[in-house]
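> No sequence on hand, only this structure:
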């Protein structure tokens, strides 16, 4: 089951304690269908959904950072080439606009990004924001060094915006190395929608899987959240608003 956390917060927020019934949760295909319904039936542009998702994740991150210490906040955002990465770019922009030191690490070559994700990556190009490409040849010491600082401030949050619900199987070499570095970091960790390496449908864990302290999931919880292994990697689960009506969820 999911237990609501004891915090003065009006939003849906849960600490995973025990497996929950899978029939209450969304599958990978239902997530795809919900996105398509929001875009095609309710005429909500996909880039608007991405903007809302990224902004809502920033709000949750700020909520969970220790109160009174926001002036110490520094964030590393790991972005894959798909829409999950686009959510991360939106997060980076909103954090930057709030004066938070932020570093963006691309887990794919720049030319791999397209669509809404590319549009949001391009929006970062005019900001004084550190965007670098991850090099899979980096030694662990180099990765740890890159991940440790954002504008000379120690990183205290790492955001996983690498792979979303559509991903299956083991993360590739660059992402695997990035996940391992994030997991051994002393920073707190936020997963966008689901942790990379976690199977949306089954809850199976890859080696490695990003181990989140906070998972900001979209639309609703996922089927895999009911697995025996989910609690190991999800941390606190919060369903964040992406601006889509509840009618987009179609459960047979």
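That came in fine, so what should we check first? Given the structure is predicted, the values throughout are model-derived calculations rather than measurements.
> Return the backbone torsion pair for residue 104.
When read as degrees, to the nearest 10, the backbone of residue 104 gives phi -110, psi 130.
> Once you drop chain neighbours, what's closest to it?
In space, residue 104 comes closest to residue 131 once its chain neighbours are excluded; the distance is 4.5 Å by CB to CB, 6 or more residues apart in numbering. Yep, even glycine has a C-beta here, placed from its N, CA and C like the rest.
> can you check residue 180 too?
For residue 180, the spatially nearest residue (CB to CB, 6+ apart) is residue 208, at 5.2 Å.
> Is the one you found in a helix, a strand, or coil?
coil (DSSP: H, G, I helix; E, B strand; the rest coil).
> Distance check, it against residue 221.
Applying CB to CB, to the nearest Å, the value for residue 208 to residue 221 is 23 Å.
> Who has more neighbours out of the two?
residue 221 (24 against 21; other CB atoms under 10 Å).
> Assess the claim that that one and residue 234 are in contact.
No: contact criterion CB atoms under 8 Å: residue 221 and residue 234 do not qualify, at 9.5 Å.
> intersection of neighbour lists for the two?
Common contacts of residue 221 and residue 234 (CB atoms under 8 Å, 6 or more residues apart in numbering): none found.
> Now for residue 84: which residues touch it?
Contacts of residue 84 by CB under 8 Å, 6+ apart are 161, 162, 163, 164, 192, 193.
> Run a quick neighbour tally on residue 185.
18.
> Could I get the contacting residues of it?
Counting by CB under 8 Å, 6+ apart, residue 185 has contacts 144, 147, 148, 155, 158.
> Count the neighbours of the nearest residue to the third one once chain neighbours are set aside for me.
In this case it means residue 148. Leaving aside its sequence neighbours, residue 148 sits nearest to residue 155 (CB to CB, 6+ apart; 5.9 Å). Other residues within reach of residue 155, judged by other CB under 10 Å, total 23.
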